[in-house]
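1. sequence unknown, structure follows:
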């Protein structure tokens, strides 16, 4: 995030550098201060030319299913509100930014008016500066108070690395302000001797939700002077707060607001998000406050050419003889090699650390055959880098010394890699918001950029590369979270009572479910009512009742068997699938094999290894309906949403070749079943509907099973979840519905909002499911359409054509679920 010596056209942490008059929209070529060129501008190929070179040859050309051309956009300038201090404006100008973009000025105006606001604009659009201008102005004003602490601000980031980067950026920006702004990081890595200074003297404290939950709020008397003066709360990358984690953070923020009110402050919340659907509503759900949105991005953008790329089918055969596509990892390594040879600065995003390492190694090997000097110009970004190493990596990317980088998505929150020539996205990242955030890393002022989405062998990726309108003609998803989930809310009510006794007026802050939970917490002897308030009754810390990033239960420690070194932890609920005996476990770029999972002591013993395969757990599931909250008629069938009990057992795991994805074998596991109470959406069909769809009893189980698998794969298109966040069950005759039934449920206790989103988007969701199956070029089913990597029944039975006929008939009778009726 350094401000000095940026290459021409680079973006800094606060957006593109601008030094033009404010009277009119300006062409992009004039919006940046001149700097040392990184390459001769007249020889840099256009993104269309680069794509043409990548797709040469009939085999390569056939892999591009769609090309989207996004036109360039001019920047629109404004002026800072006159209430921003002149010395703050001068400090911003000294960093190379004479005038804000319109959206930056709008955010500052709302903040100064005391309105909580969310800025939801594209990558490198200068969101940081939008909230920093009013924050720094307030802190500088407060520095003139008698005690030098007239105002404070709290910054929350989802990762430690992002908070540390923000502190460095703020220190550089506020150098001209002297000691008026005193930023300090307060997290688990902060030395004990520094913590008291932070509490007493820092006026801009940078932390994460975990530390706020465990370290700051329970010790609020020691933070009283800071909380009393709290003017602003900044929530950066707030689109990451979704599902169960987002629901926990929402309750942590309510606890913070309650304590602020106790100390007489009412801070304004400033949120920064990637482009999102209805960001104001999501921010309101997260904070519990009315929030204004600023989403009209006024920053400049070059032309973007966005290609959708589907790897070809190979001669390999997968499970039950299904065809196997070339892996997205191998395809990305080839494309990265070709781009580096062309001198195109590229980052390749991939989900796993091991995937990043593989892409880097394969590309380096292939580059060595072209030019022995090229392999050193490709690297993999892995977790665990020191700040200095990340800065060196950043400089190498911007200078052109490094031409190719294979990285996990964590890179987005740790290193400034804006302004590259091309981005490769290895598999759909789960949401359109994440897709555009990654694609936005490419592009420099006045220059075009190339983005390529390489499809993985799964139903959602297959659907998207054949239905580009789902990416380019649809708004990004709404952020899904459920703060009223009783499994989330209950421990936070206990934590709040431990901080200050809970009173009746407090309950409105925590939502409508709070009152119903209190008798249960009293019965469990966690809370006790005395007079007009509820008190925490135990000696242990109430904040230890929950891990806000997990789903509850005692975490399983991952321990290196040879040394006894603790590598990390995994949630108890995820341990059966993540660290079972024989599982491949990745940690900071290193690979380990699990030798033994000890459930009694909550320990997984591992040893470092380099197996040529990955592992995928398989499970079996039974489900029962506890309560139907809402249902509507779909012709003669029903669409329902409610509470269910799921009994799940991990029964085996598959070993797959790393490069090809070929199944090497399956090993049985002996793990106990687990029970989960959660939320689900389900649909039923009648015998008459089956007859009309030509689904006979011999193929019914396979048709339902195939529809279930594909619908799980497609739900992330409509809810901000991963397919591993949800599960499903299909039954030809379910004992609770007495009909053929397909269930899709949230994989978290109490639910996470994903199944509910599926209920409300059921027509579009199941239409996409049907279309994805129908569009796949395989004959009888494959991983791109109806096979699931985690199916405990070995993907048997499955009937592809039956699933298409079943879904087609079901959808022909289905209304939109806008008029629910309570049974």
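-> Looks like it came in fine. The model shown is predicted, which means the values in this text are computed figures rather than measured ones. Numbers count the residues shown, from 1 in each chain.
2. what's the spacing between the helix or strand where residue 108 lies and its chain's center?
-> Per DSSP states H and E, residue 108 falls inside helix 102-112. Put simply, helix 102-112 sits 26 Å off its chain's centre (CA atoms, centre = their mean, to the nearest Å).
3. Numbering from 347 from now on, please.
-> Fine by me, first position is 347 from now on; the one you just mentioned is helix 448-458.
4. Show residues contacting it.
-> Helix 448-458 has contacts (CB atoms under 8 Å, 6 or more residues apart in numbering) with 361, 422-427, 429-430, 446, 462-463, 465, 467, 471-472, 475-477, 479-481, 483, 578, 614, 616, 638, 640-645. In short, each C-beta sits where N, CA and C put it, glycine included.
5. can you tell me which of those are in helices?
-> Among the contacts of helix 448-458, DSSP state H puts 475-477, 479-481, 483 in helices.
6. For residue 844, state which of those residues is nearest.
-> residue 481 (30.3 Å; CB to CB).
7. Grab the nearest non-local neighbour of residue 1053.
-> In space, and not counting its chain neighbours, residue 1053 is closest to residue 1149: 4.4 Å by CB to CB, 6 or more residues apart in numbering.
8. Quick one: mean pLDDT for the host helix or strand of that neighbour?
-> Assigned by DSSP H and E, residue 1149 belongs to helix 1146-1158. Here helix 1146-1158 scores 96 as its mean pLDDT.
9. Kindly report the same for stretch 1023-1030.
-> 97.
10. List the buried residues of that stretch.
-> 1024-1030 (16 or more other CB atoms under 10 Å).
11. Start and end of stretch 401-415, how far apart?
-> Taking CA to CA, to the nearest Å, stretch 401-415 runs 16 Å from one end to the other.
12. Now that stretch: buried residues?
-> Neighbour-count burial for stretch 401-415 flags 401, 406, 409-412 (criterion: 16+ other CB under 10 Å).
13. Could you tell me which of these belong to strands?
-> 410-412 (DSSP state E).
14. Make TSV out of those and add distance to residue 1112 and pLDDT.
-> Listed next are these as TSV, based on distance: CB to CB, whole Å; pLDDT from 0 to 100:
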residue	distance to residue 1112	pLDDT
410	29	97
411	23	96
412	23	97
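15. Out of those, the closest to residue 944 would be?
-> For those, the nearest to residue 944 is residue 411 (47.4 Å; CB to CB).
16. So that closest one is in contact with residue 810, correct?
-> No: using CB atoms under 8 Å, residue 411 is not in contact with residue 810; the gap is 9.2 Å.
17. Common neighbours of those two, please.
-> What both residue 411 and residue 810 touch, as defined by CB under 8 Å, 6+ apart, is the set residue 654.
18. Pull the number of nearby residues for the residue nearest to residue 1053.
-> Using other CB atoms under 10 Å, residue 1149 has 29 neighbouring residues.
19. and it, what is it in contact with?
-> 1048-1050, 1052-1053, 1056, 1116, 1119, 1132.
20. one more time with 7 Å, if that's ok
-> By CB atoms under 7 Å, 6 or more residues apart in numbering, the contact set of residue 1149 is 1049, 1052-1053, 1056, 1119, 1132.
21. quick one: which of those residues sit in helices?
-> In helices, defined here by DSSP H, the members of the contacts of residue 1149 are 1049, 1052-1053, 1056, 1119.
22. Out of those, grab the one that's most surrounded.
-> Using other CB under 10 Å as the neighbour test, these are led by residue 1056, with 35 neighbours.
23. Thought residue 1133 was touching that one, still the case?
-> No: the criterion here is CB atoms under 7 Å, and residue 1056 misses it with residue 1133 at 9.4 Å.
24. gap between the closest residue to residue 925 other than its chain neighbours and residue 914?
-> In this structure, residue 925 finds its nearest non-sequential neighbour in residue 950, 3.9 Å apart by CB to CB, 6+ apart. Separation of residue 950 from residue 914 (CB to CB, to the nearest Å) stands at 10 Å.
25. out of the two, which sits in the more crowded spot?
-> residue 950 (28 against 14).
26. Sketch out the low-pLDDT regions of the stretch 1047-1169 of the chain for me.
-> Filtered on pLDDT under 70, the stretch 1047-1169 of the chain yields the residue ranges 1162-1169.
27. And for the chain?
-> 347-389, 491-495, 728-733, 756-765, 790-792, 896-899, 934-935, 1162-1169.
28. how about the helix holding residue 1149: buried residues?
-> Neighbour-count burial for helix 1146-1158, counted by 16+ other CB under 10 Å, picks out 1146-1153, 1155-1157.
29. re earlier: what two of the buried residues of stretch 401-415 are the furthest from one another?
-> For the buried residues of stretch 401-415, and using CB to CB, no pair is farther apart than 406 and 412, which are 15.0 Å apart.
30. Give me the common contacts of residue 950 and residue 914.
-> Residues touching both residue 950 and residue 914 (CB under 7 Å, 6+ apart): residue 904.
31. Check which element follows the host helix or strand of residue 840 along the chain.
-> For residue 840, the enclosing helix or strand under DSSP H and E is helix 832-845. Proceeding N to C from helix 832-845, the next assigned helix or strand is strand 848-849, under DSSP H and E.
32. For that following strand, which strands pair with it and how are they oriented?
-> Strand 848-849 pairs in its sheet with strand 879-882 (antiparallel), by DSSP bridges.
33. elements contacting whichever helix or strand comes after the partner strand?
-> Sequence order places strand 902-906 as the next helix or strand after strand 879-882, per DSSP H and E. With contacts defined as 3 or more CB pairs under 7 Å, 6 or more residues apart in numbering; DSSP states H and E, the packing partners of strand 902-906 are strand 912-916, strand 949-954.
34. Can you add distance to residue 696 and give these back as CSV?
-> Output for the helices and strands packed on strand 902-906, formatted as CSV (distance: least, CB to CB, whole Å):
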stretch, distance to residue 696
strand 912-916, 20
strand 949-954, 22
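35. Residue 526 contacts residue 486, correct?
-> Yes: between residue 526 and residue 486 there is a contact at 4.3 Å, judged by CB under 7 Å.
36. just curious, which of the buried residues of helix 1146-1158 is nearest to residue 1017?
-> Distances from residue 1017 to the buried residues of helix 1146-1158, taken as CB to CB, are shortest for residue 1149 (30.0 Å).
37. and that closest one, how far is that from residue 1085?
-> Taken as CB to CB, the span from residue 1149 to residue 1085 is 17 Å.
38. The most far-flung residue of the chain relative to its centre: what's it in contact with?
-> Relative to the C-alpha centroid of the chain, counting by CA atoms, centre = their mean, residue 877 is the outermost residue, at 44.0 Å. By CB under 7 Å, 6+ apart, the contact list for residue 877 is empty.
39. so how far is residue 850 from it?
-> Separation of residue 877 from residue 850 (CB to CB): 11 Å.
40. And residue 607, by the same measure?
-> 15 Å.
41. Could you check which of the two is surrounded by more residues?
-> Between residue 607 and residue 850, counted using other CB under 10 Å, residue 607 has the larger neighbour count: 15 against 10.
42. helices and strands around the strand or helix carrying the more buried one, which ones?
-> Assigned by DSSP H and E, residue 607 belongs to helix 589-608. Helices and strands touching helix 589-608, as assessed by 3+ CB pairs under 7 Å, 6+ apart, comprise helix 625-633, helix 832-845, helix 850-856.
43. Recalculate using a threshold of 10 Å.
-> strand 498-502, helix 555-557, helix 570-574, strand 576-581, strand 614-619, helix 625-633, helix 832-845, helix 850-856 (3 or more CB pairs under 10 Å, 6 or more residues apart in numbering; DSSP states H and E).
44. quick one, which of the ones you listed is nearest to residue 700?
-> Closest approach to residue 700 among the helices and strands packed on helix 589-608 (CB to CB): helix 555-557, 25.5 Å.
45. helices or strands up against the closest one?
-> When contacts are defined as 3+ CB pairs under 10 Å, 6+ apart, helix 555-557 sits against strand 498-502, helix 506-519, helix 589-608.
46. quick one, the shortest one and strand 614-619 angle?
-> Looking back up the chat, that one is strand 498-502. 30 degrees (axes from the mean of the first three to the mean of the last three CA atoms, to 10 degrees).
47. Done for today, thanks.
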